[in-house]
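Peer 1: Curious how this folds, go ahead:
(one chain, ligands or ions: 1)
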Amino acid sequence: MKKDAIFVFSEDQLGYSFSDTHPFNQKRIVLTLDLLKTMHAITEEDIVPPRMATDEELLLVHEPKFVEMVKKAGKGEVGSEIGSVYGIGTEDTPIFPNMHEASAMLVGGTLTAVDEVMQNRAGYALNLGGGLHHGFQGKASGFCVYNDSSVAIRYLQKNYHARVLYIDTDAHHGDGVQWTFYDDPDVCTLSIHETGRYLFPGTGHVTERGNGKGYGTSFNFPIDAFTEDESFLTIYETAFREIVEWFKPDVILTQNGADAHFFDPLTHLYGTMEIYKEIPRIARELADEYCEGRWIAVGGGGYDIWRVVPRAWSHIWYSMKNLPAPTGPLPKEWLDRWQSESPVPLIETWEDPNPLYKPIPRKAEIDEKNAHVLDRSLHYIRSEQQPR
Ligand SMILES: [Zn+2]
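Peer 2: Next up is the predicted model:
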């Protein structure tokens, strides 16, 4: 029987761990799943274990030499001197034991999600272990080794002949996915992110529009530091609606980094839980309208793993299950279970405290700049009649 939604998870996903003090911490998946279980929003039948991606699948995107180096690094056979060439062994992306297997497991999780949806066993599929959008074809970058979304998109093309729309709401530019498909007219990438002026990876300009036959299918919405909910959501919803109508994809893949929140320690955006409630609801609506419901969602960044990520990511699952967004107090059981481990007081409600921060004096200027970015980036499709 077809399930409405599936949640890809097994403890194997937790092997992707750089160190106990590294900001990228997969414990957030455990916290999210535990919150959903405590809410009785998920059952064991909803959970599907990931498989490991094969070498052949990884090589759909990644260069053989890079995969070989990741394998060697994970076995302790090479040192951090290879960092400058392959991006591993760096401060951001240190080498850890079984690095290849752990990274291939995250990719395999996204491929599992793809197969469940494309073979009609599930309506929607969620792999919170995925979303490693900075992985390049021949190089790791920004906490990301292999790029599960890039591999999944090539896999969707090869096995299902699908046209893919990739939507990235992580606070950092989705560079790895964008550059991999920069020349490809059958993959459309859309990234909303804090401007690269001061934030990693520095790319994601409005002018990055694709190349050759792929010109026009890359969209970037670099927004200002201190951007708040309303401006963020206007850009997301307007861009998503106009681009999906223009591109007419067969399937939508969303990357759900949860690091655009005010609490996030690595970025400077001022989102609240409101954006994380709305982002998946609009994705589901548009997947239903344009893609017969084919929607695959992956995780991504998110560095306040206690106060932000579990609530934010739970909203994706609630959307997939077509349940009303949860409101009011979080379950006391969950708070009691985790408060002692958390270095900060947990937020005790689904909504953020209001107000969450002091008013921003430059608000009008920021909103106006963002509106200008929106218009500039959509100008091309607004002035063109036919998709390429
Ligand atoms: Zn990020």
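
Peer 1: Are we agreed that residue 109 is in a helix?
Peer 2: Yes. Assessed with DSSP: H, G, I helix; E, B strand; the rest coil, residue 109 lies in a helix.

Peer 1: any idea how far it is from residue 340?
Peer 2: Going from residue 109 to residue 340 by C-beta to C-beta, to the nearest Å gives 30 Å. C-beta: built from backbone N, CA, C; applies to glycine.

Peer 1: Give me the more crowded residue out of the two.
Peer 2: residue 109 (31 against 6; other C-beta atoms under 10 Å).

Peer 1: Grab the nearest non-local neighbour of that one.
Peer 2: Among residues not flanking residue 109 along the chain, residue 50 sits closest, at 3.3 Å (C-beta to C-beta, 6 or more residues apart in numbering).

Peer 1: Just read off the phi/psi values of that neighbour.
Peer 2: Backbone torsions of residue 50, given as degrees, to the nearest 10, read phi -80, psi 160.

Peer 1: so how many other residues sit close to residue 233?
Peer 2: Neighbour count for residue 233, taken as other C-beta under 10 Å: 18.

Peer 1: Specify the local secondary structure of it.
Peer 2: Looking at residue 233 with three-state DSSP, the answer is helix.

Peer 1: Wait, it touches residue 278, no?
Peer 2: Yes. Applying C-beta atoms under 8 Å, one finds residue 233 in contact with residue 278, separated by 5.6 Å.

Peer 1: Could you list the low-pLDDT ranges of this structure?
Peer 2: Judged by pLDDT under 70, the chain has its weakly predicted residues at 385-388.

Peer 1: of all of it, which residue lies closest to the ion?
Peer 2: Residue nearest to the ion within the chain (C-beta to the ion): residue 301, separated by 2.6 Å.

Peer 1: okay but that residue is in contact with residue 257, surely?
Peer 2: Yes. Assessed by C-beta under 8 Å, residue 301 is found in contact with residue 257 at 3.7 Å.

Peer 1: For the helix or strand hosting residue 368, C-alpha coordinates in PDB please.
Peer 2: Per DSSP states H and E, residue 368 falls inside helix 363-383. What follows is helix 363-383, C-alpha atoms only, in PDB (Å, rounded to 0.1, in the frame of the first residue of the first chain):
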ATOM      1  CA  LYS A 363      14.500  47.100   8.300                       C
ATOM      2  CA  ALA A 364      13.000  49.300   5.500                       C
ATOM      3  CA  GLU A 365      16.300  49.500   3.700                       C
ATOM      4  CA  ILE A 366      16.900  45.700   4.000                       C
ATOM      5  CA  ASP A 367      13.400  44.900   2.700                       C
ATOM      6  CA  GLU A 368      13.800  47.200  -0.200                       C
ATOM      7  CA  LYS A 369      17.200  45.800  -1.200                       C
ATOM      8  CA  ASN A 370      15.700  42.200  -1.000                       C
ATOM      9  CA  ALA A 371      12.800  43.200  -3.100                       C
ATOM     10  CA  HIS A 372      15.200  44.600  -5.700                       C
ATOM     11  CA  VAL A 373      17.100  41.200  -5.700                       C
ATOM     12  CA  LEU A 374      13.800  39.400  -6.300                       C
ATOM     13  CA  ASP A 375      12.900  41.600  -9.300                       C
ATOM     14  CA  ARG A 376      16.300  41.400 -10.800                       C
ATOM     15  CA  SER A 377      16.500  37.600 -10.500                       C
ATOM     16  CA  LEU A 378      13.000  37.000 -11.900                       C
ATOM     17  CA  HIS A 379      13.300  39.600 -14.700                       C
ATOM     18  CA  TYR A 380      14.500  37.000 -17.200                       C
ATOM     19  CA  ILE A 381      11.400  34.700 -16.800                       C
ATOM     20  CA  ARG A 382       9.000  37.600 -16.500                       C
ATOM     21  CA  SER A 383      10.200  39.000 -19.800                       C
END
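
Peer 1: Cool, thanks, signing off.
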